[in-house]
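Chemist: one predicted model, sequence on top.
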Amino acid sequence: MKKYQFLILLGCFLIAKISAAQKVQGTISESNKSKSPIPGANVYWQNTTTGTFSDENGNFEIAEPSQFPATLMVSFIGYQTDSITVKSLPKSKLEIKLSKDVKLKEFELTERESSTKIDLVNPLLVETLNKNEFTKAACCNISESFETNASVDVNFTDAVSGTKKIQMLGLDGIYTQIQAENLPMIRGLSSAFGLTFVPGTWAESIQIKKGAGSVVNGYESITGQINVELLKPDNAEQLFINVYGNEKGRAELNIHGAQKLNDKWSTMTLVHVSNQSVAWDNNDDTFLDMPLKTQFNFFNRWKYQGKKQVSQFGVKGVYEDMEAGQISSTETNRLYKIGVLTKQFEVFSKNGFLFPEQPYKSIGIINSFKYHNHESKYGDKKFNAEQMSGYLNAIYQTRMVNEKNNVKLGGSLVYDHYDKNYNDSLFGREEIVPGIFTEYALTTAKSALVLGARGDYHNLYGAFFTPRVHYKYNFTPLSALRFSVGRGFRTANPYIENANVMASSRRVISEKLAPEIAWNYGTSVTHKFELGGREMSVNLDYYFTDFQNQVVVDLENPDEVSFYNLQGKSYSHSFQAEVSAQITQQLEIKAAYKLYDIKTDYQTGLKEKPLVPKNRALVNIGYITNFDKWKFDLTGQWFDVSRLPSTATNLVENQISTSSKPFITLNGQITRAFKRIEFYLGVENMTNFRQDSPIIAATDPFGSDFDASLIWGSVNGRIAYGGLRFRIQ
């Protein structure tokens, strides 16, 4: 394996040669008062194949033409195309300003922003979801924001708690570094339920980065990074209200408001309240189909914008009380009850120091402190825990020689203190991890190379090294070929990360667990083009994750769940093909297919990862009428069969098949928008598909065969919902 790692690194270095030819440089921005830079604009010499695109700051660099004079073409969707005659090699940067294309044809909007975008500038494969994507579904919390996205899978954790989890590249979300504005969001005790603590209406955008992430953000990323950009106080609505309710009794209220105090200071407060108070048991298994739950969520943030400093700070708080389990019993008066109580508090600050005379230079310092209290009971099992976490990251950014060569360097400190209690066993640990990192970026007209390395020292496990490499080549201005390789390191919290197995009679067996370490290798091809004047895009990606050590979650024995260190192989192959097409100005279609090959060496041999379909497909259709008055969205997903753990030693009536069934789900929504208010109606799981008998031995929950953790399909049936959104800009 080391041989292949060396060859990949060497290949990336050899590819990244710098052209010695003369360059024409420039900046592209909007022709309005804001003069905002335009990233991703197409720049090419007319009647040639020589082209490039602007970076995130609107800057571009293109090889000089074969002869002068030459015509430089600049275009970007939503802006009027511009052409510039260049008579000789410019001595200074060209300043190009594009005007918005506001032409109306019979009062019909000419361009619309896509709800998802794949960046052609970034060397990392980054897919950005914006507000339009979040409103395609109910999107009550972040875990449900990915229902219309193919890159992230959403599944139920078990048949009783109603909690959903995400997966990326076929592996559980614990291997994806999940952050909020580059601060840790989901880790430790928040691994099980943390995604439900962030309302979807709080998100401004979500960036999904596949494969090895940036070393600047830490060492824990293995399959990718998800960064949630929350609403900012200086550009959010003055008042926003979202009211949601469904036929099963779930009700939610989201209110947030922003206020600009002066030219430098702004503040924002966000409040979320949700409640499920109606008990349902549609499949007559004596268990609640969805838990009874109350959640209160509060967030207040402030922002200061100066010429030489930008500062943000805020405070968050979460309180959630969830109850689930049996509502009746024919066997005994003793009911199987589940209760989970969560209390979470966080403070954070972010400070950026700018150098107006040297705009390429900056210093950033971000830090946070979080307290998390978790109390849970599943029948006779109890798991209570407390976590106090601190995070500090300092980043210095500058350039070397010229604007092609940029470097980031800095240091970080991660602190975690755990106190845990499983039944009568007390245990805990303290982790202190200081680290340093550097990341070098080389950008030319058609390629970009990012070399990252960090060294950290764990007080329990010693020093470890995290290298990462990303390379991108644009074989046309609208086509990008990427390669990446990187190493990830994380410590496991198996009890909370696998809270679903608590809802079973399985004995928990755990040995002393070592850190999880894996290499991730990936490649992707993205191509955007126009067909009949409409924007189209195709993306193909393949990622291979190879574990050097993994905490194996072994469910192969129906009587127990075992956590042990990997002895042998564990790997994941993930392939995804996605096509997005704007059929008409109003109609947009997205289709994707995924293939997984995930295997692990268990004590009984090398087997496929259970409860993960080998094949998946997604189709999303969106239709918007003129001026966005009506919006129609339909999402269909197909799930292939998945392997199920053995239940051979159970009583005959409590044995299940060794594989699941293929199934299809459909979600649809209609939205009617007015000036300041919009109403929406939708249906989840239109096909009303439900997994047959999702709880094994439901009538005997304290017996040896009881298990509610083997979930591969939908637990709830068809659910209709509705709501309204009101905003004052």
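Modeler: Noted; the coordinates are in hand. Numbers count the residues shown, from 1 in each chain.
Chemist: before we move on, which element is Asn351 in?
Modeler: strand 337-354 (DSSP states H and E).
Chemist: mind listing the strands for the stretch 601-729 of the chain?
Modeler: Ranges of strands in the stretch 601-729 of the chain, per DSSP state E, counting those that start in this stretch, are 605-608, 615-624, 630-639, 663-673, 677-684, 719-728.
Chemist: that older thread, so which bits of the strand holding Asn351 are buried?
Modeler: Ile338, Gly339, Val340, Thr342, Gln344, Glu346, Phe348, Lys350, Asn351, Gly352, Leu354 (16 or more other Cβ atoms under 10 Å). Heads up, the C-betas are built off the backbone N, CA and C, glycines and all.
Chemist: re the thing from before, looking at the strands of the stretch 601-729 of the chain, which is closest to Gln25?
Modeler: With Cβ to Cβ as the criterion, Gln25 lies closest to strand 615-624 of those, at 38.6 Å.
Chemist: the closest one packs against which elements?
Modeler: Under the contact definition 3 or more Cβ pairs under 8 Å, 6 or more residues apart in numbering; DSSP states H and E, strand 615-624 sits against strand 587-602, strand 630-639.
Chemist: before we move on, back to that, quick one: closest of the strands of the stretch 601-729 of the chain to Val154.
Modeler: Nearest to Val154 among those is strand 630-639; the distance by Cβ to Cβ comes to 9.5 Å.
Chemist: mean confidence (pLDDT) on the closest one, please.
Modeler: Averaged across strand 630-639, pLDDT comes to 96.
Chemist: what lies in contact with it?
Modeler: If you take Cβ atoms under 8 Å, 6 or more residues apart in numbering as the criterion, strand 630-639 is touched by 135-137, 147-148, 613, 615-625, 662-673, 712-713.
Chemist: got a list of what the residue nearest the centre of the chain touches?
Modeler: Centroid-nearest residue in the chain, with Cα atoms, centre = their mean: Ile226, separated by 3.3 Å. Residues in contact with Ile226 (Cβ under 8 Å, 6+ apart) are Val152, Met168, Thr176, Gln177, Ile178, Gln179, Ile206, Gln207, Ile208, Lys209.
Chemist: looking at those residues, which is nearest Tyr461?
Modeler: Of all those, Tyr461 sits closest to Gln177, with 18.4 Å by Cβ to Cβ.
Chemist: and the average pLDDT for the one helix or strand the closest one maps to is what?
Modeler: Using DSSP H and E, Gln177 falls within strand 176-180. In this model, strand 176-180 has an average pLDDT of 95.
Chemist: and that strand, which strands flank it?
Modeler: If you go by DSSP bridges, strand 176-180 pairs up with strand 183-186 (antiparallel), strand 224-230 (parallel).
Chemist: buried ones in the longest one?
Modeler: Residues of strand 224-230 classed as buried under the neighbour-count rule (16+ other Cβ under 10 Å) are Gly224, Gln225, Ile226, Asn227, Val228, Glu229, Leu230.
Chemist: isn't the fifth one up against Ile142?
Modeler: What it means is Val228. Yes - taking contacts as Cβ atoms under 8 Å, Val228 lies within contact range of Ile142: 6.4 Å.
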